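Q: build me a structure from this.
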Amino acid sequence: MAPAGALGFLTDQNVPEDVVRCLSDRGHLVSRVRDEMPVNSPDQVVAMAAINAGRILVSWDRDFGHQRFMQERFARLNRIGFSCPEPQGATRLLVVFDVIEFVFARAAGQPVRVRIGKDKIQIDC
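A: Numbers count the residues shown, from 1 in each chain. Okay, the predicted model is just below:
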């Protein structure tokens, strides 16, 4: 049973294991794309799987900012996208994770998009 306030995440195929551990160590539910579907599944399929499962998609893939994800069917997609070097991912996530948890807790069902870069974090609600 998940702890109260636990968030659900779906990690894309390119998310390093230390980021997955960081999420699960904080008590959140983490599912990996490779455990749910073929690893070569198109980004649109991965995004819809996250939406349908009520999970936050975590990826390093910049494709999720492209025009095709501006369509109405992706309006409910919650996402944490990284643009920092992969070895810095877990460290950068830990630095800002209290803020991320707060934002998702207060979003009241509105989609949240978080971008974690080498030197900045951007949150769109």
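Q: any idea how far residue 39 lies from residue 28?
A: 22 Å (C-beta to C-beta, to the nearest Å). For every residue, glycine as well, the C-beta is placed using N, CA and C.
Q: that's a strand at residue 31, yeah?
A: Yes - if the criterion is DSSP: H, G, I helix; E, B strand; the rest coil, then residue 31 is within a strand.
Q: out of residue 39 and residue 28, which sits in the busier spot?
A: residue 28 (19 against 13; other C-beta atoms under 10 Å).
Q: does the more buried one touch residue 6 like I think?
A: Yes - using C-beta atoms under 8 Å, residue 28 is in contact with residue 6, at 5.2 Å.
Q: and residue 114, that's in a helix?
A: No - Residue 114: not assigned to a helix; according to three-state DSSP it is strand.
Q: poorly predicted segments of the chain, please.
A: Judged by pLDDT under 70, the chain has its weakly predicted residues at 1-4, 62-70.
Q: how does it look with 80?
A: Along the chain, the model assigns pLDDT under 80 to residues 1-5, 61-71.
Q: quick one: the helices in it?
A: 17-25, 33-36, 43-53, 89-106 (DSSP state H).
Q: show me what the last one packs onto, helices and strands only.
A: Other elements packing on helix 89-106 under the criterion 3 or more C-beta pairs under 8 Å, 6 or more residues apart in numbering; DSSP states H and E are helix 17-25, strand 79-82, strand 113-116, strand 121-124.
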